[in-house]
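# Quick check, what structure comes out for this input:
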Amino acid sequence: MSIDNLKAIIGKRQGLAKTNRFLTIFTPPTQALLNLDPMDIVGRFANGTFNARSLISDPRDIAFLCEATSIPGRSINTLDFQAEKETIKMPNGYIDDDVQMTFLLTNDYYMKDMFETWISSIVDTENYTLGYKKNYQTDIVIQQLNAEDKNVYGIKLINAYPINISSIALNNESENSIQKIEITFAYDRYIPENFIESSVSGFVSAIPNLGSILELPDKFTNAKRKFEKISSLF
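This is a model prediction of the structure:
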């Protein structure tokens with residue numbers, strides 16, 4: 001096989017896919033959609049870092065701050081079956097790999113706060129209660145892009161939710177290092193999608209669902225009451 005044949009095959013297949021051309025698209029569920037923690041808002045007012053735009057978890061911000069992720073693998077579960085003179089493997093199901101994403105941390109710790117809120121809706125660490133899955137799951141779309149940033153392949157994680165937030169290291173010797181946070185997601189299954197399917201899924205995943213939209217007025221009202229109560233103490 002000559003180098004010319006290899007180049008012809010690569011050219012016929014639209015070139016080689018590059019690891020740094022990708023896009024992640026999702027909207028967090030209602031609990032993490034808005035950052036309306038009154039104490040956090042008061043604290044940001046006090047230290048001069050408050051920004052009204054940071055109150056909303058914009059899918060575009062999430063996409064840009066995602067530094068790395070992966071397209072998950074899938075393996076077949078098997079059971080050993082004893083035949084007459086040999087043991088053979090019989091498939092009995094499959095399992096999909098968890099997906100890890102690495103996000104850049106800004107000085108307002110936006111991604112950290114968002115995922116802390118999200119994961120607390122799954123397991124309430126104060127009351128030791130579990131949330132309903134329908135309230136904390138969301139679909140996540142991961143797309144492979146080409147050199148022109150066009151979607152060429154995509155997968156959709158069905159009913160995804162975070163199961164692990166990594167620790168954050170602090171080090172006096174790392175003066176020029178950038179803080180990052182790693183999130184591990186579990187999900188029901190993944191679905192491979194072509195260009196059109198993935199484009200539609202990405203558009204849908206970037207829009208809050210109707211239930212989230214209907215709950216926004218109540219969240220604003222509750223946050224306003226708490227904010228007014230806290231403000232009266234100063």
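# Identify each of the helices in this structure and give its residue range.
Counting by DSSP state H, the chain has helices at residues 3-12, 30-33, 38-46, 59-65, 110-120, 133-136, 195-205, 210-231.
# I'd guessed I142 sits against I155; true?
Yes. Look at I142 against I155 with CB atoms under 8 Å: they come within range, at 5.4 Å. Bear in mind the C-beta positions are built from the backbone N, C-alpha and C, glycine included.
# bridging residues for Y153?
With DSSP bridges as the criterion, Y153 is bridged to Q144.
# what pLDDT does it get?
Y153 carries a pLDDT value of 93.
# got a list of what it touches?
A17, Q143, Q144, P192, E193, N194, F195, S198 (CB atoms under 8 Å, 6 or more residues apart in numbering).
# want to try TSV for those residues, with pLDDT as columns?
Formatted as TSV, the contacts of Y153 follow (pLDDT from 0 to 100):
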residue	pLDDT
A17	91
Q143	94
Q144	94
P192	92
E193	88
N194	84
F195	77
S198	81
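# residues touching N164, list them.
Taking CB under 8 Å, 6+ apart as the contact definition, N164 lies against E182, I183, T184.
# Of those, select the buried ones using a ChimeraX command.
Provided next is the ChimeraX selection string for whichever of the contacts of N164 are buried by 16 or more other CB atoms under 10 Å:
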select :183
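# Next, count neighbours for K89.
Burial of K89, expressed as a neighbour count using other CB atoms under 10 Å, amounts to 11.
# There's contact between it and T78 in this structure, I believe.
Yes. When contacts are counted by CB under 8 Å, K89 is listed as touching T78 (4.0 Å).
# buried residues in stretch 108-127?
By neighbour count, with 16+ other CB under 10 Å as the criterion, the buried positions of stretch 108-127 are Y110, M111, K112, D113, M114, F115, T117, W118, I119, S121, I122.
# Specify which member of the contacts of N164 is nearest to Y128.
Comparing the contacts of N164 against Y128 with CB to CB picks out T184 as the nearest, at 22.0 Å.
# contacting residues for that closest one?
Under the criterion of CB under 8 Å, 6+ apart, the neighbours of T184 are D98, V99, Q100, P162, I163, N164, S166.
# So which of those sit within strands?
Judged by DSSP state E, the contacts of T184 include V99, Q100, P162, I163, N164 as members of strands.
# Mark which of these are buried, thanks.
When the ones in strands among the contacts of T184 are checked for burial by 16+ other CB under 10 Å, the buried set is V99, P162.
# Same list (the ones in strands among the contacts of T184) but as JSON lines, adding distance to R74.
Supplementary listing: the ones in strands among the contacts of T184 in JSON lines, determined by distance: CB to CB, whole Å:
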{"residue": "V99", "distance to R74": "12"}
{"residue": "Q100", "distance to R74": "16"}
{"residue": "P162", "distance to R74": "21"}
{"residue": "I163", "distance to R74": "18"}
{"residue": "N164", "distance to R74": "20"}
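# Tell me which residues touch the residue nearest to A186 when sequence neighbours are not counted, please.
Spatial nearest neighbour of A186, chain neighbours left out: I163 (4.7 Å); criterion: CB to CB, 6 or more residues apart in numbering. For I163, the contacting residues are D98, I119, T184, F185, A186, taking CB under 8 Å, 6+ apart as the criterion.
# Could you do L104 as well?
Contact analysis of L104 by CB under 8 Å, 6+ apart lists L65, E67, M111, I178, Q179, K180.
# Name the nearest of the residues you listed relative to E84.
Closest to E84 out of these is E67 (54.2 Å), distances taken as CB to CB.
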